[in-house]
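S.K.: My questions are about this predicted structure, shown below with the sequence.
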Amino acid sequence: MYHRHITELADIKKSYQWLERAGLKNSTEVLIMAAQEQALNTRATEAKIYHTRQDPRCRLCKETPETIHHITEGCKMLAGKAYMERHNQVAGIVYRNICAEYGLKTPKSKWETPPKIQIDKMVMANQPDIVVVDKQQRTAVVVDVAIPSDGNIRKKEHEKLEKYQGLKEELEKAWRMKTSVVIGALG
């Protein structure tokens, strides 16, 4: 199911590269793959499939059925802190990998939100997570991390492109821009 769904949205080979390179334990890989296939034992699964539970609602917010989608993207109890911590961890990994790719010293400290980009024109959004400027190649890469559920990848990509359109237009006056990549919550 997951593989069939994701083939419509993403480059399959690149989507699974993290499995080869992440150095995860087998048990962690199995857990992630089970989540991708909606095969984890959630309260909604117990209520609707196994019929071993009456109440399918989330154990944290107690409002919505506890599904993989709800846990990875929709629980208001996780929205404040847990999702932001996940975002920052992913941003840190992306940042360290970019540093390594460009031969820069890889920082050991936690990733933190960078300062706003100063440009001549006023734009609505000027604080993406990561900006890489290659002065020799005259390119700029703007990275704003999003970790949507797999069904919301296209929507989130559109939101990010729209959000940073003004910044992109201003940066394109001096630099060639690169395309966006959205990483789903399940890999």
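M.R.: Here it is on my side, so go on. Numbering: from 1, shown residues only.
S.K.: how about the CA coordinates for stretch 92-108, as CSV?
M.R.: The C-alpha trace of stretch 92-108 is given here as CSV (Å, rounded to 0.1, in the frame of the first residue of the first chain):
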residue,chain,number,x,y,z
GLY,A,92,20.1,19.3,12.0
ILE,A,93,20.7,16.1,10.0
VAL,A,94,20.1,17.9,6.7
TYR,A,95,22.3,20.7,7.8
ARG,A,96,25.2,18.4,8.9
ASN,A,97,24.9,16.5,5.6
ILE,A,98,25.0,19.7,3.6
CYS,A,99,28.1,20.8,5.5
ALA,A,100,29.8,17.4,4.8
GLU,A,101,28.9,17.6,1.1
TYR,A,102,30.5,21.0,0.8
GLY,A,103,33.5,20.0,2.9
LEU,A,104,32.6,22.4,5.7
LYS,A,105,33.3,21.7,9.4
THR,A,106,30.3,19.8,10.7
PRO,A,107,29.0,21.4,13.9
LYS,A,108,28.4,19.1,16.9
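S.K.: What residues sit buried inside stretch 161-171?
M.R.: Across stretch 161-171, burial judged by 16 or more other C-beta atoms under 10 Å covers 163-164, 166-168, 170-171. In this view, the C-beta of every residue, glycine as well, is placed from N, C-alpha and C.
S.K.: Going by distance to residue 146, which of those wins?
M.R.: Closest approach between the buried residues of stretch 161-171 and residue 146, by C-beta to C-beta: residue 163, at 9.9 Å.
S.K.: Pull the contacting residues for the nearest residue to that closest one once chain neighbours are set aside.
M.R.: Closest residue to residue 163 apart from its sequence neighbours, by C-beta to C-beta, 6 or more residues apart in numbering: residue 125 at 4.8 Å. In this structure, residue 125 makes contact with 163-164, 166-167, judged by C-beta atoms under 8 Å, 6 or more residues apart in numbering.
S.K.: confidence score at residue 125?
M.R.: Looking at residue 125, its pLDDT is 90.
S.K.: measure it to residue 54 for me?
M.R.: The gap separating residue 125 from residue 54 is 45 Å, by C-beta to C-beta, to the nearest Å.
S.K.: Check this protein and tell me which residue is nearest its centre.
M.R.: Centroid-nearest residue in the chain: residue 147, 2.5 Å away (criterion: C-alpha atoms, centre = their mean).
S.K.: tell me, which helix in the protein spans the most residues?
M.R.: For the chain, the helix with the greatest residue count under DSSP state H is helix 82-101.
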